[in-house]
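[1] no sequence on this one, just coordinates:
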């Protein structure tokens, strides 16, 4: 495989690899390192890439495994929490932009407290927009289990977000 072929194959999903790594590792720097490591592994094994049915799914699985290994290591204790900047729509009012950013920050904070499996599933389904069959292959889980886990994660996010915006008043 030539470099141009590799680049045209990998570039369309490079950002998805980064977003998954960032969701799992939280730190932007760690996510960049993880993305670079995954791309390097793919490049080093470029001769075998043709054997995979779905290179993108394989890359996402590699990313998930790499990040979980990284979190298990002692370096995980040294990660700094860095919140990413969200892109804003210029046509929105300043107030709507602030509210949207605030809501995204709350959802990100809530997602950090989810169990790892739920965090990964929400990232893959709601943010990366993979279908259940693809997530099932990536995580080696039953689709029904993925749906249940996603439902529980969404319920947790919804409840905590509702409690936050109601300030505990019932």
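    Great, that's in hand. Given the structure is predicted, the values throughout are model-derived calculations rather than measurements.
[2] show me how far the helix or strand of the chain with the lowest mean pLDDT is from its chain's centre.
    None of the helices or strands of the chain scores lower by mean pLDDT, DSSP states H and E than helix 94-112, at a mean of 76. Counting by Cα atoms, centre = their mean, to the nearest Å, helix 94-112 is centred 17 Å from the centre of its parent chain.
[3] what sits up against the next helix-or-strand element following that helix?
    Helices and strands here follow DSSP states H and E; after helix 94-112, the next one along the chain is helix 116-122. Applying Cβ atoms under 8 Å, 6 or more residues apart in numbering, the external contacts of helix 116-122 come out as 20, 23-24, 64, 68, 71, 111-112, 114, 135, 139, 146, 149-150, 152-154, 156-157. C-beta: built from backbone N, CA, C; applies to glycine.
[4] buried ones in helix 116-122?
    Going by neighbour count (16 or more other Cβ atoms under 10 Å), the buried part of helix 116-122 is 118, 119, 120, 121, 122.
[5] quick check: the residue sitting nearest the centre point of the chain vs residue 34, distance?
    Nearest residue to the geometric centre of the chain (Cα atoms, centre = their mean): residue 20, 2.5 Å. As judged by Cβ to Cβ, to the nearest Å, residue 20 and residue 34 stand 9 Å apart.
[6] which residues are in contact with each of the two?
    With Cβ under 8 Å, 6+ apart as the test, residue 20 and residue 34 both reach 63, 67.
[7] wait, which of the buried residues of helix 116-122 is closest to residue 95?
    Set against residue 95, the nearest of the buried residues of helix 116-122 by Cβ to Cβ is residue 122 (27.4 Å).
[8] report pLDDT for that closest one.
    If you check residue 122, the pLDDT there is 87.
[9] residue boundaries of the helices in the chain?
    Counting by DSSP state H, the chain has helices at residues 3-25, 28-44, 55-72, 94-112, 116-122, 132-139, 143-166.
[10] rank those helices by pLDDT, which is bottom?
    Lowest mean pLDDT within these: helix 94-112, at a mean of 76.
[11] and the angle for it with helix 143-166?
    Here helix 94-112 points in a direction 130 degrees away from that of helix 143-166 (axes from the mean of the first three to the mean of the last three Cα atoms, to 10 degrees).
[12] what is the neighbour count of the closest residue to residue 43 other than its chain neighbours?
    Excluding the flanking residues, the one nearest residue 43 by Cβ to Cβ, 6 or more residues apart in numbering is residue 6, at 6.4 Å. By other Cβ atoms under 10 Å, 15 other residues sit near residue 6.
[13] just checking, residue 6 touches residue 45?
    No: counting by Cβ atoms under 8 Å, residue 6 sits too far from residue 45 to count as a contact (10.6 Å).
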